[in-house]
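# Got a predicted model here, sequence first, then my questions.
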Amino acid sequence: MNSQVQEIAAHCDQLPERYIQKEDEEHGNVTNNNASSPAKIPVIDLSLLTSSHLELDKLKTASTSWGCFQAINHGIEGSFLDKVREVSRLFFDLSAEEKKCLSEENDVEGYGNDMVFSDDQILDWTDRLYLTAFPKDQQRLKFWPKNPTNFKEVVDDYISKIELINHVILKAVARSLNLEENCFLDQYGTASSKMVARFNYYPPCPWPDKVVGLKPHTDGSAFTFVLQDKEVEGLQVLKDGKWFGVPIVPDALMINVGEQIEIMSNGIFKSPVHRAMVNTKNQRISLAVFCMPQTIKDIGPVDGLITDVTPRLYKNVTFSTDFFFQNNQQGKRRLDVCKI
């Protein structure tokens, strides 16, 4: 495990070389802290998805063109979202010693940084707490904070709410393609599906032209639910070769299409490349919940989407933990490995 970025930011007057980002030919200027275009990320009213064909069409367009959208009227009260943010902030405010007790060498879960797979791997300017949150019998409680004392209660409640919203969206995207509404959900599974929570802490950084909070990547999930910081922006999405800043929409959840939905939809829905930037003055905290399909069988394109005109683009695959992290940290797009 590397030194925590929070400690480096507090005590270091010179940027360690391992955090200096290299230029990325595929994703453009990685360290350009300014989004090149104003954000036009779609806003979807989830309460209308069962009654409005217009809103369903907006969801389809958002998932095919952007691969993400801001979800409003999702059923989670703003006051509860603030409570989730608060327990996240209180955790990262704990002493370094108390947080480090929630980590073990070479274990993905717990507190620390992302796994390092090579000596020349460039590091992100972030600390994180990574927890398996669902199903509950897979929670590794030794990595769960005891402080704040209501941390687990709040997170468990939040995860149960996200699970319901995830099922609503899985059904809605199927209907948007005129498919049977359970076709994605049946592949996703319920009893053996998995939800992983990643609490992200981005300390202020005096070198925003040299580092990124989180390097460009796509998510290996079905859908990812991001609860943004309430005040500090930093998330950016790549579209048509340009970076777009994701604005803070009050009480909204930012939802990304994951690679596994791109596979299930045979490439109709797109998993967006995105990154997190740093702020010179303010810390930023976010929470990403990755909804992962069942692992007892492969996932693949839905049969109803494969025709002579639209042939199968992806083979059936299973996303293992090693497959997920190694490709992500080596800058490889997992979908390229899955293509036929």
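On my side now, so go ahead. Numbering: from 1, shown residues only.
# Surely residue 18 is in contact with residue 124?
No. Taking contacts as Cβ atoms under 8 Å, residue 18 lies outside contact range of residue 124: 10.2 Å. Backbone N, C-alpha and C define where each C-beta goes, glycine included.
# out of those two, which sits in the more crowded spot?
Taking neighbours as other Cβ atoms under 10 Å, residue 18 and residue 124 compare with residue 124 leading, 24 against 13.
# Setting aside sequence neighbours, what's the nearest residue to the more buried one?
Closest residue to residue 124 apart from its sequence neighbours, by Cβ to Cβ, 6 or more residues apart in numbering: residue 214 at 5.2 Å.
# wait, is residue 129 part of a strand?
Yes. Using DSSP: H, G, I helix; E, B strand; the rest coil, the assignment for residue 129 is a strand.
# check contacts around it.
For residue 129, the contact set (Cβ atoms under 8 Å, 6 or more residues apart in numbering) comprises 91, 99, 102, 110-111, 143, 145, 197-199.
# can we see that at 6 Å?
111, 199 (Cβ atoms under 6 Å, 6 or more residues apart in numbering).
# where are the low-confidence patches of the protein?
The model of the chain has pLDDT under 70 over residues 1-3, 23-39, 295-296, 320-333.
# where along it do the strands fall?
Under the criterion DSSP state E, the chain carries strands at the ranges 43-45, 68-72, 110-112, 127-134, 194-202, 214-217, 223-227, 235-239, 242-245, 253-257, 274-276, 284-292.
# any chance of those strands in CSV, plus distance to residue 80?
Listed next are those as CSV, based on distance: least, Cβ to Cβ, whole Å:
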stretch, distance to residue 80
strand 43-45, 19
strand 68-72, 15
strand 110-112, 24
strand 127-134, 16
strand 194-202, 15
strand 214-217, 25
strand 223-227, 11
strand 235-239, 21
strand 242-245, 26
strand 253-257, 12
strand 274-276, 24
strand 284-292, 13
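# for the ones you listed, which one sits closest to residue 120?
strand 214-217 (13.8 Å; Cβ to Cβ).
# Each with direction, which strands does the closest one pair with?
With DSSP bridges as the test, strand 214-217 is paired with strand 274-276 (antiparallel).
# that older thread, could you say which one of the strands of the chain comes nearest to residue 8?
Of all those, the one in closest proximity to residue 8, counting by Cβ to Cβ, is strand 127-134 (9.7 Å).
# Which residues in that closest one does the neighbour count mark as buried?
The neighbour-count check on strand 127-134 (16 or more other Cβ atoms under 10 Å) flags 127-134 as buried.
# from those, which is closest to residue 335?
residue 130 (22.5 Å).
# hmm, back to that, figure out which of the strands of the chain is closest to residue 337.
strand 214-217 (14.3 Å).
# how far does the longest helix along the chain sit from the chain's center?
If you go by DSSP state H, the chain has its longest helix at helix 151-176. Helix 151-176 sits 14 Å away from the centroid of its parent chain (Cα atoms, centre = their mean, to the nearest Å).
# Buried residues, it. List them.
Using 16+ other Cβ under 10 Å as the test for burial, helix 151-176 gives 151-152, 154-155, 158-159, 161-163, 165-176.
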